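Visitor: give the three-dimensional model of this entry:
(one chain, ligands or ions: 1)
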Amino acid sequence: METAERERRLVLTSERAFAAARHTDACLLVTAPDKKAQLAEVLAVLRIDVTEGRLLSRCAACNGEFAARRALPPCAARAPQCA
Ligand SMILES: [Zn+2]
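Guide: Okay, here's the model as predicted:
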């Protein structure tokens, strides 16, 4: 949790005891019963609007945003800040 807080990341969990033991905003309890519903819950809670233009727009290695969408897979397109 300390790493998540330091790096301003969010830990998603469906474990109530884990979430209850943490007194931090860096932990989100996901309560939906299945993966599809969990995804919808997280997107709604975090107010994330998924549009086609945003799909595959970030590097899987560093989370950097690609300058322009390319036909290449993310690992080949490389965000500018990705080593
Ligand atoms: Zn990268």
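Visitor: contact partners for the most centrally placed residue in the chain?
Guide: Computing the C-alpha centroid of the chain and ranking residues by C-alpha atoms, centre = their mean puts Leu10 first, at 7.7 Å. For Leu10, the residues meeting the contact criterion (C-beta atoms under 8 Å, 6 or more residues apart in numbering) are 4, 26-28, 46. Backbone N, C-alpha and C define where each C-beta goes, glycine included.
Visitor: how about Leu46?
Guide: Leu46 touches 10, 28, counting by C-beta under 8 Å, 6+ apart.
Visitor: cool, and Gln38?
Guide: Applying C-beta under 8 Å, 6+ apart, we find Gln38 in contact with 14, 30, 32.
Visitor: most neighbours, which of the residues you listed?
Guide: Taking other C-beta atoms under 10 Å as the neighbour criterion, Val30 ranks highest of the contacts of Gln38 with 17 neighbours.
Visitor: surely it and Ala40 touch.
Guide: No: between Val30 and Ala40 there is no contact, the gap being 10.3 Å when judged by C-beta atoms under 8 Å.
Visitor: tell me the contacts of the closest residue to Val45 other than its chain neighbours?
Guide: Nearest-residue entry for Val45: Leu28, 6.6 Å, with adjacent residues in sequence omitted and distances by C-beta to C-beta, 6 or more residues apart in numbering. The neighbourhood of Leu28, defined by C-beta under 8 Å, 6+ apart, consists of 10-13, 19, 42, 45-46.
Visitor: same deal with Asp25?
Guide: Asp25 makes contact with no residue under the criterion C-beta under 8 Å, 6+ apart.
Visitor: make sure it is indeed in a strand.
Guide: No: membership of Asp25 in a strand is not supported by DSSP: H, G, I helix; E, B strand; the rest coil, which gives coil.
Visitor: how near is it to the ion?
Guide: 26 Å (C-beta to the ion, to the nearest Å).
Visitor: so where's the protein uncertain?
Guide: Under the criterion pLDDT under 70, the flagged ranges of the chain are 68-83.
Visitor: hmm, try it at 50
Guide: The model of the chain has no residue with pLDDT under 50.
Visitor: isn't Val42 right up against Val11?
Guide: No: with contact defined as C-beta under 8 Å, Val42 and Val11 do not form a contacting pair (11.8 Å).
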